[in-house]
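1. here is the input, now give the coordinates:
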Amino acid sequence: VHPKGVWEGVKGLVEGGCPPGLVLIDDGWQSICHDDDPITDQEGINRTAAGEQMPCRLIKFEENYKFRDYESPRVVASDHKGMGAFVRDLKEEFKSIEHVYVWHALCGYWGGIRPNIPQMPES
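-> Residues are numbered from 1 along each chain as shown. So this is what the prediction gives:
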């Protein structure tokens, strides 16, 4: 999932006469990787074959690079980047949207939280 894909999906619903009141960003916004991957949030994100993401673990609670690197074309302020800016822009453009939720596994991610990651709780 990518901000542009979410945006285009909502736009398609609105143009098709079915404006959403709620948007759920399912999987693909989190910072994940396998235990044998280097600690970057771009590694596990690119695993798209069936089952490849299941053993991935969360490496930070913040959004991954795809959403963190989003820059609002609407706001020139200190809070013009990231997931918050994307959600704000989405709700401003598509007035029917009242809520934007993100999916998150209870244990962090399918494989849990990767051990020994600075600034993450012990797992």
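2. only C-alpha atoms for contact and neighbour calcs from this point on.
-> OK.
3. would you map the strands across the protein?
-> For the chain, applying DSSP state E gives strands covering 22-25, 30-33, 57-63, 99-102.
4. all the helices of the chain, in order from the start?
-> With DSSP state H, the ranges of helices along the chain come out as 3-15, 65-68, 82-93.
5. low-confidence stretches in the protein?
-> When the per-residue scores of the chain are filtered using pLDDT under 70, the ranges that remain are 40-51, 123.
6. most remote residue from the protein's center?
-> For the chain, the C-alpha lying farthest from the average C-alpha position belongs to Gly17; by C-alpha atoms, centre = their mean, that distance is 26.0 Å.
7. that older thread, closest to Gly82 out of the strands of the chain?
-> Each of these was scored for nearness to Gly82 using C-alpha to C-alpha, and the closest is strand 57-63 (7.8 Å).
8. next, the contact list for the residue sitting nearest the centre point of the chain, please.
-> With distances taken as C-alpha atoms, centre = their mean, the chain has Trp29 as the residue nearest its mean C-alpha position (2.0 Å). The contact partners of Trp29, by C-alpha atoms under 8 Å, 6 or more residues apart in numbering, come to Val1, His2, Glu63, Asn64, Lys66, Phe67.
9. tell me the contacts of Val100?
-> With contacts taken as C-alpha under 8 Å, 6+ apart, Val100 has the following neighbours: Leu22, Val23, Leu24, Ile25, Val87.
10. for it, which non-adjacent residue is closest in space?
-> With C-alpha to C-alpha, 6 or more residues apart in numbering as the measure, Val23 is the residue that lies nearest to Val100, at 4.7 Å, once sequence neighbours are left out.
11. count residues in the vicinity of that neighbour, would you?
-> By other C-alpha atoms under 10 Å, the residues close to Val23 number 18.
12. skipping its backbone neighbours, what lies nearest Ser72 in space?
-> Using C-alpha to C-alpha, 6+ apart and skipping the chain neighbours, the partner closest in space to Ser72 is His80 (5.2 Å).
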